[in-house]
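Visitor: Need coordinates for the following:
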Amino acid sequence: MSSKFTCVRLTIDGEKFELLVRPDQALNYKMGKQIELSQVIGIEEIFSDAAKGLRVSEEKLQKFFRTTDFYKVAEIILKKGELQLTLEQRRKLIDEKKKAIISILSKNFVDPRTNTPHPPTRYEQALEEVHVSIDPFRSPEEQLQNIVEALRPILPLKSQNLILKINIPSKYSSKSIGLLKSFGKFLKEQWLPDGSYVVELEIPVGLHSSLVEKVGSLTKGEAEITIVARK
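Guide: Reported below is the predicted structural model:
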């Protein structure tokens, strides 16, 4: 494999499909930037093992993608597959996410002993101490809940919280649960006869606008979100 390229890997029913791409262009594509697919592709081949040069047969492409058109298959792999980041890319993305997470923590949490924010350097030290994993592709808001839980044993944290009542229409309900759990704590949940999903969720107040934006995007604006209480 050329050092100029990196790999995007998609696994379907145990079968691996790999695509060689240009690292920076592929990352921009995965991050949602408008870029021509032809600028992303490194080699116009679909591999089962790119390192060994093993190509996928047209029969297998037809079976799993229902097409043998290279660019249609490549688009699916790019959108759904896992991009193998270069070390430099991974360090840069994780550093950016870490700074954004620390910014959110500083704005929304205080030390309950003093009711003042912890300094950013203390958050940096604490994140290193707990060895929390930061996902370079997920938003800081989606990762905050897990990070707060990891930090609390060594760093006292208190925030003003909101309790929200969220009604998700049935066609989006199953896709929404993971997103909602990443933002906060479930207090109540209920499936209604029409298949819609209602949940009471407790979140830090600073995540409210981000949650509204992401739930609105996922549900095409059809979800109902109401503030029930402040804590």
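Visitor: Give me the most central residue, the chain.
Guide: The residue lying closest to the centre of the chain (C-alpha atoms, centre = their mean) is Arg138, at 2.6 Å.
Visitor: how much space between that residue and Phe64?
Guide: The gap separating Arg138 from Phe64 is 27 Å, by C-beta to C-beta, to the nearest Å. No exception for glycine: its C-beta is placed from N, CA and C like everyone else's.
Visitor: Also Leu155?
Guide: Applying C-beta to C-beta to Leu155 and Phe64 gives a distance of 47 Å.
Visitor: So which of the two has more stuff around it?
Guide: Leu155 (19 against 16; other C-beta atoms under 10 Å).
Visitor: host element of the residue nearest to that one when sequence neighbours are not counted?
Guide: Once flanking residues are discounted, Leu155 sits nearest to Ala126: 4.7 Å by C-beta to C-beta, 6 or more residues apart in numbering. Using DSSP states H and E, Ala126 sits within helix 120-130.
Visitor: Now do the residue nearest to the centre of the chain, the pLDDT please.
Guide: pLDDT for Arg138: 87.
Visitor: One more: the one 4 residues further on?
Guide: Predicted confidence (pLDDT) at Glu142: the value is 87.
Visitor: what's the answer for Val205, then?
Guide: Reading off the model, Val205 has pLDDT 84.
Visitor: which ones are touching the closest residue to it other than its chain neighbours?
Guide: Nearest residue to Val205, sequence neighbours excluded (C-beta to C-beta, 6+ apart): Gln160, at 4.7 Å. Listed by C-beta atoms under 8 Å, 6 or more residues apart in numbering, the contact set of Gln160 reads 108, 204-205, 230-231.
Visitor: pLDDT below threshold where in this protein?
Guide: 1-3 (pLDDT under 70).
Visitor: Where do the domain boundaries of it fall?
Guide: 6-83, 87-158, 160-230 (automatic domain parsing).
Visitor: End to end on the last one, go ahead and measure it.
Guide: Okay, so that is domain 160-230. The first and last residues of domain 160-230 sit 7 Å apart, counting by C-alpha to C-alpha, to the nearest Å.
Visitor: go on, the second one?
Guide: With C-alpha to C-alpha as the measure, the ends of domain 87-158 fall 35 Å from one another.
Visitor: how far does it sit from the chain's center?
Guide: How far domain 87-158 lies from its chain's middle: 16 Å, per C-alpha atoms, centre = their mean, to the nearest Å.
Visitor: try the longest one
Guide: Here domain 6-83 is found 20 Å from its chain centre; the criterion is C-alpha atoms, centre = their mean.
Visitor: same deal with stretch 165-179?
Guide: With C-alpha atoms, centre = their mean as the basis, stretch 165-179 stands 17 Å off its chain's centre.
Visitor: contacting residues around it?
Guide: Contacts for stretch 165-179 (C-beta under 8 Å, 6+ apart): 142, 180, 191, 194-201, 214-215, 218-220, 222-226, 228.
Visitor: repeat that for 10 Å
Guide: For stretch 165-179, contacts defined as C-beta atoms under 10 Å, 6 or more residues apart in numbering pick out 142, 180, 183, 186-201, 211-212, 214-215, 217-220, 222-229.
Visitor: cool, and stretch 108-126?
Guide: Stretch 108-126 is contacted from outside by 98-99, 101-107, 132, 144, 147-148, 150-161, 203-207, using C-beta under 10 Å, 6+ apart.
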